[in-house]
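[1] The amino acid sequence is not available; the structure is as follows:
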């Protein structure tokens, strides 16, 4: 690795300060002439080069912070509101989101194993223990749920799909956003695992395990995986707080937090797909084997996206975090 060239910080500041101040003034103006707009771009490029030199050759936190803020304001002025373009959407889908999902893959698998283990234990307990089964409700109510209510819940249509989507997306966002507390994501995961397993146990006790699996599998394969990813993201955020590694804790939390916001946004799309399957496939008149096949193909596509596309993005150096300029740059920290 090449060594950075030392920079005379005082000399650099003395020489460049008027340009930095001019850039800041231009960035703060409501209207610019054509000549001033060109000057803004030139000064932005020159100041970005200065920031790079300072960060590599004389990492003074105060100067880095000042230049980062000036560049952020200038970039916002140049880009305006920065409405999403197809290029930004493509980078998100091809680089940022799959990289973030790939980095969570083992956390996701761990959450999946724990979730399914707890669900299986809860299901076995309800199916084999009369007292646990009785706690699910009166005999008549349980029988009615098994015979009609469970299947009738999956009412085909766009309205049902939208309801499922928005509800699940909200739960995923809360699970990720409150991950640093540890309590909330664990509570969401445990509650859903016990509920899922208990219903399966009740269906098993009434001889309808096949109905349960046929109605859950088409959409549940992807929907539950989204729950696992959300839980994994929340737990990963908590663990970053516990063990930030070589980074300062504040920087580690900021970087991982932004990457996990990427996951939360991506799960909105993932849950839209599972919601469409639940709304139009699960309750449809298609053969049960075809419904399950559709669900399995959706899940396979997700994991191919995570492992193949995400693996390539990670090898290229992406993490799911924002680019330096969009994130406001990272202030240097003296050791």
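    That came through, no problem. What you are looking at is a predicted structure, and each value in this text was computed from that prediction instead of being measured.

[2] shaky segments in the stretch 101-250 of the chain?
    155-161, 163-164 (pLDDT under 70).

[3] Can you show me the helices along it?
    Ranges of helices within the stretch 101-250 of the chain are 105-128, 130-134, 139-144, 150-152, 158-177, 183-205, 209-242, 249-277, based on DSSP state H, counting those that start in this stretch.

[4] so which of those is the most packed in?
    Mean neighbour count (mean count of other C-beta atoms under 10 Å) peaks for helix 209-242 among those, with a mean of 22. Bear in mind the C-beta positions are built from the backbone N, C-alpha and C, glycine included.

[5] Return the distance of it from the chain's centre.
    13 Å (C-alpha atoms, centre = their mean, to the nearest Å).

[6] Repeat that for stretch 104-115.
    On C-alpha atoms, centre = their mean, the centre of stretch 104-115 falls 15 Å from that of its chain.

[7] ok, now stretch 273-283?
    Worked out by C-alpha atoms, centre = their mean, stretch 273-283 lies 22 Å from the chain centre.

[8] Would you work out how far apart the start and end of that stretch are?
    The first and last residues of stretch 273-283 sit 15 Å apart, counting by C-alpha to C-alpha, to the nearest Å.

[9] go on, stretch 90-98?
    Start-to-end, stretch 90-98 (C-alpha to C-alpha) is 11 Å.

[10] Tell me which residues are up against that stretch.
    Contact partners of stretch 90-98, identified using C-beta atoms under 8 Å, 6 or more residues apart in numbering, comprise 262-263, 265-266, 305-306, 309-310, 312-313, 316, 318, 320-321.

[11] Tell me the buried residues within those residues.
    262-263, 265-266, 305-306, 309-310, 313, 318, 320-321 (16 or more other C-beta atoms under 10 Å).

[12] For residue 175, state which of those is nearest.
    residue 263 (10.5 Å; C-beta to C-beta).

[13] quick one: pLDDT of that closest one?
    Note on residue 263: pLDDT of 91.

[14] mind checking which of the helices of the stretch 101-250 of the chain is nearest residue 37?
    By C-beta to C-beta (comparing all of the helices of the stretch 101-250 of the chain), the closest turns out to be helix 249-277, at 29.8 Å.

[15] how distant is the closest one from the center of its chain?
    On the basis of C-alpha atoms, centre = their mean, helix 249-277 sits 1 Å off its chain's mean C-alpha point.

[16] after it comes which helix or strand?
    helix 288-304 (DSSP states H and E).
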